[in-house]
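**Student:** fold the following and give me the result.
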Amino acid sequence: MRWSCLLWLSLIGSVSFAQDNLSDAAALWGSKEYRDFTSSSGTKMRARLLSFDRTSAKVKVRSSLGKNLEIPLSSLSDSDQGFVEEWNPNEWKKEVLGDYSLDDFLTGKGYGIMPFTFKEERLFVATDVNGTRFDFLVDPGRFLTLFHKPLATQVGAKMTDIAYGDFPLSDGSIEVAYAGTVKTFHVGTAKYGPWDMGIADLEEIGFGTDGVMGADFFHLNDAVIDWRKKHTYLKPLKKQEEDKAAEEETPTLAPGQLREFTSAAGSKLTAELRALDAGEVTLAADGGKEVKLPLSSLSEPDREYIETWTSNPLNNGSYRPSVSDIVQANGFLEIPYSYGNSAVAAFEMNVNGTPMRFLLNTSIPRSYLSRATMDEAQITVNPTNDVVFLEGVQHQVFEAQDLVFSIGSEPLKPMNVGVIELAPGSELASPIRTCVIFRFPELKERLKAKDIDGILGLDWMIENGVLIDYRTKKIFVLLNS
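**Tutor:** Numbers count the residues shown, from 1 in each chain. Modelled structure (predicted):
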């Protein structure tokens, strides 16, 4: 025998399940399967556990009739109280979302894909500006999107004398970018126009750079960057506005596949499942006509189908998974970080057990740590024939091998990392690799002051499958396990 809604209401006094709480996946969907709950007085109800608030000792469930209810933990039997207290609210992610790929999730939400290409150990993306193809350096650590001035003139970009921003050069001087507008700006499958960007002389960047795709572009488009797959997902502004409006609406059940439903009396109807509310089923027949009928009027196989379908949080409309839900269900770990005006400001990890702070620099192919930090941590380094240039001064590069990065107790993949000797290096007879780090004119001072211990480049991001979600400002890494 199932509890009636009236009996349930009399038991708990009130039912409250605010829609704005339904977006918190970790707090809600932990139990995919229905269970026969029993009250302390012996009355039974078939339902699925949604959440348990230990502070208020309140339990939220969804009945098999489609009703969301909140009850005191003390109203349940001893067996059910034990089940609730031992329940892990995050287990559902692996079960429900583990096979749900980020590609499927984001393209289904209207994101376009922007693939990257490698050129001289840097990542570039092909763009179309005013009908002409150009290669833009992917550098979301730089705040501004920039277009090389001679090329902007060539394609008729509108330029002004209004300062749009500035950026440092290798000698420590400042290059000013001026506000400009292009008529059309196509990136992968995403098309924009008109689009504002900075116009500046980018000759010193080198690598055949026609422009730089900066953080402003990625933030405006709610971008998700997947460094392992080497492409970015972009959500156009129009789609963002549509989704924002949809989030304010009451969630609805995702339509099921066409199915031949049979009534208890034997009548048949080919339709899609549209809703289940308080024991009433809404079906959409061929042609879109909706039919409402009691759940109890359908055959037992159809009732089981509806129960199974609506038990999936991806189908029942009251849960919208986030990027964080998807990637964490697939073995990623979130790294807290702070975001500044010019770069991902800083985040912390352990290296061989020693806490360290880092910047991300996506425009350099290799990661570097400070020699002073390595000496303090008693980590052995070996000299190489590589050099880097900081503010126009050459510095020798050493190498630390098989460093173990970890976040809390979670280890990442061991890797070799460059180590910068901050004292000016002597001229090497035949340096085999050079790297110009010019985006951070304060980098050397911050390294010396131990404000940061290193800068992580593309090698670290690709090796650890880094994902950056610009809408929520979150970084995720793929766990070594």
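**Student:** so what's the backbone phi/psi at the most far-flung residue of the chain relative to its centre?
**Tutor:** What lies farthest from the middle of the chain is residue 265; by CA atoms, centre = their mean that is 49.5 Å. Here is the backbone geometry of residue 265 (degrees, to the nearest 10): phi -90, psi -10.
**Student:** and it, how far from residue 281?
**Tutor:** According to CB to CB, to the nearest Å, residue 265 and residue 281 sit 15 Å apart. (Each C-beta comes from the backbone N, C-alpha and C, glycine too.)
**Student:** tell me the gap between the helix or strand where residue 62 lies and the middle of its chain.
**Tutor:** Residue 62 is part of strand 58-63, with elements assigned from DSSP states H and E. Remark: strand 58-63 is offset 29 Å from the chain centroid, using CA atoms, centre = their mean, to the nearest Å.
**Student:** for it, which strands pair with it and how are they oriented?
**Tutor:** Strand 58-63 sits in its sheet next to strand 44-53 (antiparallel), strand 68-72 (antiparallel), going by DSSP bridges.
**Student:** between those strands, which one is closest to residue 452.
**Tutor:** strand 44-53 (39.7 Å; CB to CB).
**Student:** what residues of the closest one count as buried?
**Tutor:** The neighbour-count check on strand 44-53 (16 or more other CB atoms under 10 Å) flags 45, 47, 48, 49, 50, 51, 52 as buried.
**Student:** residue 109: which of those residues is nearest?
**Tutor:** residue 50 (23.6 Å).
**Student:** hmm, residue 476 and residue 328 touching each other?
**Tutor:** Yes. The criterion here is CB atoms under 8 Å, and residue 328 meets it with residue 476 at 7.3 Å.
**Student:** hey, what's in contact with both of the two?
**Tutor:** Here residue 328 and residue 476 have residue 334 as joint contacts, going by CB atoms under 8 Å, 6 or more residues apart in numbering.
**Student:** more crowded one of those two?
**Tutor:** Neighbour tally, residue 328 and residue 476, criterion other CB atoms under 10 Å: the higher count belongs to residue 476, 24 against 20.
**Student:** which neighbours does the helix or strand containing that one have in its sheet, and in what orientation?
**Tutor:** Secondary-structure assignment from DSSP H and E places residue 476 in strand 474-478. If you go by DSSP bridges, strand 474-478 pairs up with strand 332-335 (antiparallel), strand 467-469 (antiparallel).
**Student:** quick check: the residue nearest to residue 162 when sequence neighbours are not counted vs residue 132, distance?
**Tutor:** Leaving aside its chain neighbours, residue 162 sits nearest to residue 179 (4.4 Å; criterion: CB to CB, 6 or more residues apart in numbering). Going from residue 179 to residue 132 by CB to CB gives 21 Å.
**Student:** between those two, which one's more packed in?
**Tutor:** Higher neighbour count among residue 179 and residue 132: residue 179, with 16 against 13, using other CB under 10 Å.
**Student:** any idea of the mean pLDDT in the helix or strand hosting the more buried one?
**Tutor:** Using DSSP H and E, residue 179 sits in strand 174-182. Mean per-residue pLDDT for strand 174-182: 89.
**Student:** output the contacting helices and strands for it.
**Tutor:** In terms of contacts (3 or more CB pairs under 8 Å, 6 or more residues apart in numbering; DSSP states H and E), strand 174-182 is packed against strand 146-148, strand 158-168, strand 195-200.
**Student:** show me the contact partners of the longest one.
**Tutor:** Meaning strand 158-168. Contacting residues not belonging to strand 158-168 are listed as 142-144, 146, 149, 152-153, 174-182, 197-200, 438-441 [CB under 8 Å, 6+ apart].
**Student:** any quick ChimeraX command for the buried ones out of the residues you listed?
**Tutor:** Here is the ChimeraX command that picks out the buried ones among the contacts of strand 158-168, judged by 16+ other CB under 10 Å:
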select :142,143,144,146,149,152,175,177,178,179,180,181,182,197,198,199,200,438,439,440,441
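**Student:** where exactly do the strands run in the stretch 1-150 of the chain?
**Tutor:** All strands of the stretch 1-150 of the chain, identified by DSSP state E, counting those that start in this stretch, fall at 35-38, 44-53, 58-63, 68-72, 112-115, 117-119, 122-129, 132-138, 146-148.
**Student:** what comes up buried for the fifth one?
**Tutor:** In this case it means strand 112-115. Neighbour-count burial for strand 112-115, counted by 16+ other CB under 10 Å, picks out 112, 113, 114.
**Student:** same question for the first one.
**Tutor:** By neighbour count, with 16+ other CB under 10 Å as the criterion, the buried positions of strand 35-38 are 37, 38.
**Student:** show me what it packs onto, helices and strands only.
**Tutor:** Packed against strand 35-38, as judged by 3+ CB pairs under 8 Å, 6+ apart, are the following elements: strand 44-53, helix 78-86.
**Student:** mind running it again at 10 Å?
**Tutor:** Judged by 3 or more CB pairs under 10 Å, 6 or more residues apart in numbering; DSSP states H and E, the packing partners of strand 35-38 are strand 44-53, strand 58-63, helix 78-86.
**Student:** domains of the chain?
**Tutor:** Split into domains by automatic domain parsing, the chain comes to 5-97, 112-240, 259-311, 329-478.
**Student:** so which of these gets nearest residue 321?
**Tutor:** Closest to residue 321 of those, according to CB to CB: domain 5-97, at 6.1 Å.
**Student:** just the mean pLDDT for that closest one, thanks.
**Tutor:** Mean predicted confidence for domain 5-97 is 67.
**Student:** what bridges to residue 132?
**Tutor:** Assessed by DSSP bridges, residue 132 has beta-bridge partners residue 129.
**Student:** quick one on the thing from earlier: out of the helices and strands packed on strand 35-38, which is closest to residue 387?
**Tutor:** Minimum separation from residue 387 across these (CB to CB) falls at strand 44-53, 56.3 Å.
**Student:** quick check: angle from that closest one to helix 78-86?
**Tutor:** Per axes from the mean of the first three to the mean of the last three CA atoms, to 10 degrees, the angle that strand 44-53 makes with helix 78-86 is 30 degrees.
**Student:** how distant is strand 44-53 from the center of its chain?
**Tutor:** In this view, strand 44-53 has its centroid 30 Å away from the chain centroid, taken as CA atoms, centre = their mean.
**Student:** and stretch 104-112, by the same measure?
**Tutor:** Centroid separation for stretch 104-112 versus its chain: 13 Å, with CA atoms, centre = their mean.
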